[in-house]
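Undergrad: have a look at this prediction, sequence included:
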Amino acid sequence: MQYNVTNMRRLIFSEGEYYHLYNRGVDKRVIFGEPNEYWRFKAYLYLLNTVESIRPADILEIYDDDSIFSVERDNPLVAIGAYCLMPNHIHLFVTPLVDGGISKYMHRVQTAYTMFFNEKHERSGALFQGTFKAEHVDRDAYAKYLFSYIHLNPTKLVEPLWKEFGVHDFRKVRQFVREYPHSSLREYLSGKHTITELSKFPDYFSEERELDDHIDFWLQHRKMAE
């Protein structure tokens with residue numbers, strides 16, 4: 001199942017519509033190499049999702065653990081339905097809540113993380129491959145498929161050729177995906193949504209069994225877009 005990438009410069013992000021956003025490290029470099037780097041990016045995903053002007057560094061001086069996800073924010077820029085952070089790329093499934101919300105949000109998050117990463121690794125220059133890429137999710141079937149596509153990205157970390165040859169150890173992969181700490185699947189399975197906000201998305205998986213069945217289906221059929 002292949003989908004064409006929409007040129008972001010021609011794409012108008014409309015409120016009430018859904019979008020798949022993704023980006024990778026420049027030259028496909030690793031952008032998350034340590035647990036605290038994943039955590040920092042997730043903290044930015046949470047903190048910077050507001051129309052208000054804030055300095056995340058000020059908040060991060062006070063909160064340096066998961067209690068940061070209880071900090072109150074007003075007037076979010078976007079609602080996130082799913083996300084996954086991989087060693088060298090990111091995926092987000094979002095809908096804008098204000099005019100220009102997606103572009104402003106992605107600029108904020110990627111700029112903040114680049115500054116953090118560059119300072120930590122004593123480097124300079126771009127970290128991400130351009131601004132970001134986007135696809136308009138204009139079909140219900142595509143939206144449900146995208147949910148599984150994003151959450152199954154970690155499969156390639158334990159079985160890199162699973163799309164070509166299938167999953168060899170289904171139980172191992174299924175458990176790995178469910179326990180992967182850097183995707184929103186754990187928020188769905190626990191029912192504790194912090195970065196994700198489901199009220200702006202269709203209720204595809206109101207029960208854990210529906211979620212499991214959908215994930216299992218795509219793991220077994222593996223016909224997913226690159």
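TA: Right, received. Where do you want to start?
Undergrad: so how far is stretch 174-191 from its chain's centroid?
TA: 12 Å (Cα atoms, centre = their mean, to the nearest Å).
Undergrad: other residues contacting that stretch?
TA: 32, 38, 42, 80-86, 150-155, 157-158, 193-196, 205, 208, 211, 215-216, 219 (Cβ atoms under 8 Å, 6 or more residues apart in numbering). Where C-beta positions appear, they are placed from N, C-alpha and C, glycine not excepted.
Undergrad: centroid-nearest residue for the chain?
TA: In the chain, the residue lying closest to the centroid (Cα atoms, centre = their mean) is residue 83, at 2.3 Å.
Undergrad: quick one: secondary structure of that one?
TA: strand (DSSP: H, G, I helix; E, B strand; the rest coil).
Undergrad: tell me the pLDDT at it?
TA: At residue 83, the model reports a pLDDT of 98.
Undergrad: hang on, isn't it packed against residue 49?
TA: No. If you go by Cβ atoms under 8 Å, residue 83 and residue 49 don't touch, sitting 11.4 Å apart.
Undergrad: which residues in this structure form strands?
TA: Using DSSP state E, the strands found in the chain span residues 18-24, 78-86, 89-96, 133-137.
Undergrad: can you pull out the low-pLDDT segments for this structure?
TA: 1-10, 206, 222-226 (pLDDT under 70).
Undergrad: and with 90 instead?
TA: Within the chain, the stretches with pLDDT under 90 are 1-12, 54-65, 72-74, 140-141, 144-145, 148, 161-171, 189-191, 198, 202-226.
Undergrad: give me the contacts around the lengthiest helix in it.
TA: Counting by DSSP state H, the longest helix found in the chain is helix 101-121. Outside helix 101-121, the residues that touch it by Cβ under 8 Å, 6+ apart are 13, 15, 19, 21, 23, 31, 37, 40-41, 44-45, 48-49, 51, 56, 76-78, 94, 96, 123-128, 131-132, 134.
Undergrad: try 6 Å
TA: Here helix 101-121 makes contact (Cβ atoms under 6 Å, 6 or more residues apart in numbering) with 13, 40-41, 44, 48, 56, 77-78, 96, 124, 127-128, 132.
Undergrad: helices along the chain, start to end?
TA: Using DSSP H, helices in the chain cover 35-47, 56-62, 101-121, 140-151, 155-158, 162-165, 170-179, 185-190, 208-221.
Undergrad: now tabulate the strands of the chain in CSV and tack on distance to residue 172.
TA: Shown next, in CSV, are the strands of the chain (distance: least, Cβ to Cβ, whole Å):
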stretch, distance to residue 172
strand 18-24, 26
strand 78-86, 19
strand 89-96, 22
strand 133-137, 30
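Undergrad: between those, which one is nearest to residue 165?
TA: The closest of the strands of the chain to residue 165 is strand 78-86. By Cβ to Cβ, the value is 20.2 Å.
Undergrad: quick one, that closest one and strand 133-137 angle?
TA: 120 degrees (axes from the mean of the first three to the mean of the last three Cα atoms, to 10 degrees).
Undergrad: just want the angle from strand 78-86 to helix 140-151.
TA: Angular relation of strand 78-86 and helix 140-151 on a 0 to 180 degree scale: 40 degrees, by the same axes, to 10 degrees.
Undergrad: okay then, goodbye and thanks.
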